[in-house]
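Colleague: Just a sequence and a predicted model for now, questions to come.
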Amino acid sequence: MDKVQTKILNCIMCPMGCELTATMEDGVVTSVKGNSCPRGEKYAKDELTNPMRMLTSTVRIEGAALHLLPVVSKSTLPKGKILECAEALREIKAKAPVKVGDVIAPNILGLGVDIVASRDMAAV
Ligand code: SF4
């Protein structure tokens, strides 16, 4: 027998914040209601089956006035891998000078996403 579940979630793809009602059968999203545009349906399906998140963090840096460099993932990463990625960043030490967008950790954990500097940091 199919296991049918109803999930309520808010779309975060734009400020309208539509309330979405998704129906799932055996882990598959079979319908999404309440979305005002197609992005809402995609968001609900992704969020319920493969949630993704941006990662923002810091890494140590040498040769700069500050000791920590803010970094961000270039695109979203699987939510379940965010902590592991943050732990991997603890092992990394950048070297000044750094420009915003410089790749600090290429292809983190082999997930196909680069971690890049989110600000310039001059050498001192
Ligand atoms: S469903 Fe469309 S209109 Fe509604 S919050 Fe999502 S992106 Fe915005």
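Modeller: Arrived safely, thanks for sending.
Colleague: how about stretch 26-34: buried residues?
Modeller: For stretch 26-34, burial by neighbour count (16 or more other C-beta atoms under 10 Å) applies to 29, 32, 34. Any C-beta I mention is one placed from the backbone N, CA and C, and that applies to glycine too.
Colleague: Next step: those residues restricted to helices.
Modeller: In this view, the buried residues of stretch 26-34 have no member that belongs to helices under DSSP state H.
Colleague: Which residues of this protein lie near the ligand?
Modeller: 11, 13-14, 16-18, 35-37, 39-40 (C-beta under 6 Å from any ligand atom).
Colleague: would JSON lines of the buried residues of stretch 26-34 with pLDDT and distance to Lys95 be doable?
Modeller: What follows is the buried residues of stretch 26-34, written out as JSON lines (pLDDT from 0 to 100; distance: C-beta to C-beta, whole Å):
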{"residue": "Val29", "pLDDT": "96", "distance to Lys95": "45"}
{"residue": "Val32", "pLDDT": "98", "distance to Lys95": "47"}
{"residue": "Gly34", "pLDDT": "98", "distance to Lys95": "49"}
